[in-house]
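Student: Need coordinates for the below:
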Amino acid sequence: MNKVILPLVFLILISVFIASFNLVKKFYKEEKIKENINLQLPNYTSVWCERQGGRLEIRKNRDGNERRFCIFNDGSECDELDFYYRKCKKGERLCKDFCGDGICQEIVCMSIGCPCPESKESCPKDCEKKPEISCAKEEEKVNRNPLIGPTNQKCCEGLIEVRESKSYSVCKKAFTVFLYYYNPEKDKDKSGNIKCSKDGLIPIERQVPVSENIIKDTIELLLKGKDNLTEKELSQGITTEFPLDGFELKSVNLKEDGTLILEFNDPLNKTIGGACRVGILWFQIEATAKQFPKVKEVKFLPEILFQP
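Tutor: All right, here's what the predicted structure looks like:
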């Protein structure tokens, strides 16, 4: 019995081995064919693109990787392989058209939804270099009325723009000053109570035009209050109660002994009421005035100003 079974088992094993060998051989042969086809595929896809009225365009991303696209006269485009395999057709756009946004998209990503690549030919409004506009020199006018002409000229470095009419500004030599504002978070005691002191004063650097009365110009700029603060400064907790309705600087008089007399108009009595409040308003003006070396003391007129 065993003499019959053993030869049969042996024959079965040999048959299985031969079948497996042929299967593996066939698999490697098919893979080799696929590899050869893949090596030649770009030629096929390029020819197919051109036969359908397209032109080949090779794009690189910032990493230097390439991707081939078939571009058509109607502005549509397809990935070359997707077009060959009918996954994309003429008339479709893989990229987003951002022509006109002011940025020349010369190097783009290569996925669906990325910006379309731009050039001088495809998007001249973004990619053509525009002539640089020279800056305006001291005492030169810059137009600020779009009905008259371009309004994008700026003053040269070191100059500040001073508006002299609705239509134009004049570039004047700039002088750097500090405007003192208030941050209550910087003015707390150990218990977290606001002290209403000078500790909360924060200097903000600004520029004013050089003039014969730089102190007056600086104080007037301070009184514009929150209009001078940027969004970033406001987000940092820097604040002020200025501007006050009707409150304005009337005159400035600097005595030889260093006493600065500031006369104000306050027809609505906006500087009266609340010891903490009026004290901080006083401190702001006083600190802003005392940044000038000749100012030793600051007095206000009328004397009823900044009373609790």
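Student: Please count neighbours and contacts with C-alpha atoms only from this point.
Tutor: Will do.
Student: Assign residue 44 to helix, strand or coil.
Tutor: For residue 44, the assignment made with DSSP: H, G, I helix; E, B strand; the rest coil gives helix.
Student: Could you tell me how far it is located from residue 51?
Tutor: When C-alpha to C-alpha, to the nearest Å is the yardstick, residue 44 and residue 51 sit 10 Å from each other.
Student: who has more neighbours, these two?
Tutor: Counted by other C-alpha atoms under 10 Å, residue 44 and residue 51 do not tie: residue 44 has more neighbours, with 13 against 10.
Student: how about that one, what does it touch?
Tutor: When the contact criterion is C-alpha atoms under 8 Å, 6 or more residues apart in numbering, residue 44 has no partners at all.
Student: Verify the contact between residue 175 and residue 208 for me.
Tutor: Yes: applying C-alpha atoms under 8 Å as the test, residue 175 and residue 208 come out as touching, 5.3 Å apart.
Student: elements contacting the one helix or strand residue 125 maps to?
Tutor: If you go by DSSP states H and E, residue 125 is part of helix 124-127. Using 3 or more C-alpha pairs under 8 Å, 6 or more residues apart in numbering; DSSP states H and E as the contact criterion, no secondary-structure element is in contact with helix 124-127.
Student: Can you list the buried residues in that helix?
Tutor: Of all the residues in helix 124-127, those buried under the rule 16 or more other C-alpha atoms under 10 Å are 125-127.
Student: Just the CA atoms of the helix or strand hosting residue 82, as CSV, please.
Tutor: Assessed by DSSP H and E, residue 82 sits inside helix 80-84. As requested, C-alpha coordinates have been extracted for helix 80-84 and formatted as CSV (Å, rounded to 0.1, in the frame of the first residue of the first chain):
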residue,chain,number,x,y,z
GLU,A,80,-0.7,64.7,-19.0
LEU,A,81,-1.3,61.2,-17.6
ASP,A,82,-4.9,62.1,-16.5
PHE,A,83,-5.6,63.3,-20.0
TYR,A,84,-4.2,60.2,-21.6
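Student: Could you check how far it is from the centre of its chain?
Tutor: On the basis of C-alpha atoms, centre = their mean, to the nearest Å, the separation between the geometric centre of helix 80-84 and that of its chain is 38 Å.
Student: all helices of the protein, in order?
Tutor: In chain order, the chain shows helices spanning 2-51, 80-84, 124-127, 214-222, 231-235, 275-289, with DSSP state H as the criterion.
Student: What segments of the protein are strands?
Tutor: 55-60, 66-71, 77-79, 141-143, 159-163, 168-182, 201-209, 248-254, 259-265, 297-301 (DSSP state E).
Student: Out of those, flag the one nearest residue 103.
Tutor: Proximity to residue 103 (C-alpha to C-alpha) singles out strand 55-60 among these, at 18.3 Å.
Student: centre of the chain versus the closest one, how much separation?
Tutor: Computed by C-alpha atoms, centre = their mean, the chain-centroid distance of strand 55-60 equals 31 Å.
Student: on contacts alone, who are the packing partners of that strand?
Tutor: With contacts defined as 3+ C-alpha pairs under 8 Å, 6+ apart, the secondary structure elements packing on strand 55-60 are helix 2-51, strand 66-71.
Student: Report all helices and strands that the shortest one contacts.
Tutor: Spelled out, it's strand 66-71. Strand 66-71 packs on strand 55-60, strand 77-79, helix 80-84, going by 3+ C-alpha pairs under 8 Å, 6+ apart.
Student: on that earlier part again, which among the strands of the chain is found nearest to residue 224?
Tutor: Relative to residue 224, the nearest member of these by C-alpha to C-alpha is strand 248-254, separated by 9.5 Å.
Student: If you count contacts, what does the closest one end up packed against?
Tutor: The contact analysis (3+ C-alpha pairs under 8 Å, 6+ apart) places strand 248-254 against helix 214-222, strand 259-265.
Student: Direction-wise, compare that strand with strand 297-301 and give the angle.
Tutor: Calculated by axes from the mean of the first three to the mean of the last three C-alpha atoms, to 10 degrees, strand 248-254 forms an angle of 140 degrees with strand 297-301.
Student: Describe which strands strand 248-254 pairs with in its sheet and in which direction.
Tutor: Strands that pair with strand 248-254, judged by DSSP bridges, come out as strand 259-265 (antiparallel).
Student: Report the buried residues of the strand it pairs with.
Tutor: Of the residues in strand 259-265, those with enough neighbours to count as buried (16+ other C-alpha under 10 Å) are 260-264.
Student: so that strand versus helix 214-222, what angle?
Tutor: Interaxial angle of strand 259-265 relative to helix 214-222 (the same axes, to 10 degrees): 40 degrees.
Student: what sits against the closest residue in space to residue 291 that isn't next to it in sequence?
Tutor: If you skip the residues right next to it in sequence, residue 291 has residue 178 as its closest partner in space, 7.5 Å away by C-alpha to C-alpha, 6 or more residues apart in numbering. For residue 178, the contact set (C-alpha under 8 Å, 6+ apart) comprises 203-206, 288, 291.
Student: Having no further points to raise, I will conclude here.
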